[in-house]
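Visitor: Return a 3D structure for these sequence lines:
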Amino acid sequence: MPYRELNYYLDGRHSHIYTVETENHSTPKRLTDGDLDYAPLVWMPDGRHLLTAAERDPRADRSSLHTDLVRISVPNGRVTRWRDPGFASASPFPSLDGKWIAYLRLPEKHPSGQVTRLAIRPAAGGKPRELSTELDRTVEVVRWSRDNRALFFSAGDHGDTGIYRVRPPAGA
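Guide: Modelled structure (predicted):
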């Protein structure tokens, strides 16, 4: 029996996040804890915070359908969890100025009949804004434009992959 699937251990261990200072070969510092698995991370532009997604309930049958965005302060280890009621949230990607976080979200109700959607939320906290409501395709890879005025994303369509652009609403 395999002990690991993707980034999930199958023997009771969990995926956590550590930092290691390479210049002085310090002991790894664990930033996360608990019986949860954390997804691959991205750094915020300020270099002081990490973004990831984490399970809500590790006992759930399909825990990847019940995830929240998480911001971790590297200096003090404080973890901020952003709950998006009714949705599983994953794949955070900060704007280049660090003011916004783009991410993917999937409705938790009847997920197999839904598409993954693109949303943004203020990095300082606040309500999400969905940007791909009209699109009937699953949003995949997301990137901000250099000037933070648009998001580019890919979405499959009958075997082809299109690149789309969406502009966040005013104030974003």
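Visitor: Show me which helix or strand of the chain is least confident by mean pLDDT.
Guide: strand 4-5 (a mean of 44; mean pLDDT, DSSP states H and E).
Visitor: List the residues that contact the nearest residue in space to Y164 that is not next to it in sequence.
Guide: Among residues not flanking Y164 along the chain, F153 sits closest, at 5.5 Å (CB to CB, 6 or more residues apart in numbering). In this view, the C-beta of every residue, glycine as well, is placed from N, C-alpha and C. Contact analysis of F153 by CB atoms under 8 Å, 6 or more residues apart in numbering lists L118, S132, V139, E140, V141, V142, R143, I163, Y164, V166.
Visitor: Which among the residues you listed count as buried?
Guide: Neighbour-count burial (16 or more other CB atoms under 10 Å) is assigned, among the contacts of F153, to L118, S132, V139, V142, Y164, V166.
Visitor: and the least confident of these?
Guide: Lowest pLDDT within the buried ones among the contacts of F153 is found at S132 (90).
Visitor: what about the nearest residue to that residue once chain neighbours are set aside, helix or strand, and which?
Guide: Distances taken as CB to CB, 6+ apart put L118 closest to S132, at 4.2 Å, once the chain neighbours are dropped. L118 is part of strand 117-122 when elements are defined by DSSP states H and E.
Visitor: Packing partners of that strand?
Guide: Judged by 3 or more CB pairs under 8 Å, 6 or more residues apart in numbering; DSSP states H and E, strand 117-122 is in contact with strand 100-107, strand 129-130, strand 139-144, strand 151-157.
Visitor: With distance to V20 as added columns, please give those strands in TSV.
Guide: Shown next, in TSV, are the helices and strands packed on strand 117-122 (distance: least, CB to CB, whole Å):
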stretch	distance to V20
strand 100-107	25
strand 129-130	36
strand 139-144	28
strand 151-157	32
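Visitor: Return the most buried member of those.
Guide: Burial of the helices and strands packed on strand 117-122 is given as mean neighbour count (mean count of other CB atoms under 10 Å); strand 100-107 ranks first at a mean of 22.
Visitor: now that strand against strand 117-122, angle please.
Guide: Angle, strand 100-107 to strand 117-122, by axes from the mean of the first three to the mean of the last three CA atoms, to 10 degrees: 140 degrees.
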